[in-house]
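Undergrad: I would like to see how this sequence folds:
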Amino acid sequence: MSEQQYFKFSNQVVVVPLLAILSIWTIFLMELRFHINLNEYGVYPRTFSGLKGIFLSPFIHGSVEHLYNNTIPLAVLTASLFFFYRKIALRVLFWGIFLSGLLTWTIGRPSFHIGASGVIYVLASFIFFKGIFSKYYRLVALSLIVVFIYGSLLWYIFPVKDGISWEGHLGGFITGLLLAFFVKAEIPLPKKFDWEKEDYNEEEDEFLQQFDENGNFVEKKESRDDQNETIRITYHLKKELKDKGSE
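TA: Model prediction:
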């Protein structure tokens, strides 16, 4: 696949992040409007009822600050996933939510774990490691951008602050790493110059023929025959003109 085909914009780059943001904000506004608390639908570790939070917890947030802190990273990283890895994006998103939620359910403290931060860690981890593993210059550049913008998130996979589900962050980070390693993605073929091709022959290269073996420019001189070549011009007269001239 060529670079032009691989980096082709699609509606998913806009639609999926927009749907994700609208979903989490709509649910939060419904909680405020109807005075309900949906925290019990989060992940509650090592209980059968807590399993439902694996897919429901990313849509539930405890405060406006919590929701706001997750909105922009979720939009940016989801858009990046669907632009740079669109063929495997849905697969990564599904398994990322499932596995990160399952890890949180396994290792988490006995409390309700809510929020989309686990998914954010999945996306940040996957995009970073997948770009490094691919060794493709554009995807590596994307990995470096993710580190530059969201590198500070790494601290929150440890219990450094009360009230934060570091278990969910750690589960998301590990899940992103595993998906980057096991989910195969088709990497675009970089454009090759003629001198990079296997069948390239230096002797047939018109540009290199202008230089000698030491790299010095060689000025080609015209041969004497070419300089003394005469130019012949042949005139073709129409028959009508000849007839008029004979009158």
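Undergrad: for the protein, which helix is longest?
TA: helix 12-34 (DSSP state H).
Undergrad: downstream of that helix, the next helix or strand is which one?
TA: helix 53-56 (DSSP states H and E).
Undergrad: can you point out the buried residues in that next one?
TA: In terms of neighbour count (16 or more other C-beta atoms under 10 Å), helix 53-56 has its buried residues at 53-54, 56. To be clear about C-beta, it is placed using only N, CA and C from the backbone, and glycine gets the same treatment.
Undergrad: Thr106 - how many residues pack around it?
TA: Using other C-beta atoms under 10 Å, Thr106 has 12 other residues around it.
Undergrad: neighbours around the nearest residue to Gly50 once chain neighbours are set aside, how many?
TA: The shortest distance from Gly50 to any non-neighbouring residue, by C-beta to C-beta, 6 or more residues apart in numbering, is to Tyr44 (3.0 Å). By other C-beta under 10 Å, the residues close to Tyr44 number 23.
Undergrad: isn't Arg109 up against Pro45?
TA: Yes. Between Arg109 and Pro45 there is a contact under C-beta atoms under 8 Å: 6.8 Å.
Undergrad: quick one: which of the two has more around it?
TA: Pro45 (19 against 12).
Undergrad: quick one, what contacts the more buried one?
TA: 104-111, 113, 167 (C-beta atoms under 8 Å, 6 or more residues apart in numbering).
Undergrad: same check, this time on Val122
TA: 92, 96-97, 100, 172-173, 175-176, 179.
Undergrad: one more: Leu153?
TA: So Leu153 contacts 120-121, 124, 169 (C-beta under 8 Å, 6+ apart).
Undergrad: and the strands in the protein, which stretches?
TA: Remark: no strands are assigned in the chain by DSSP state E.
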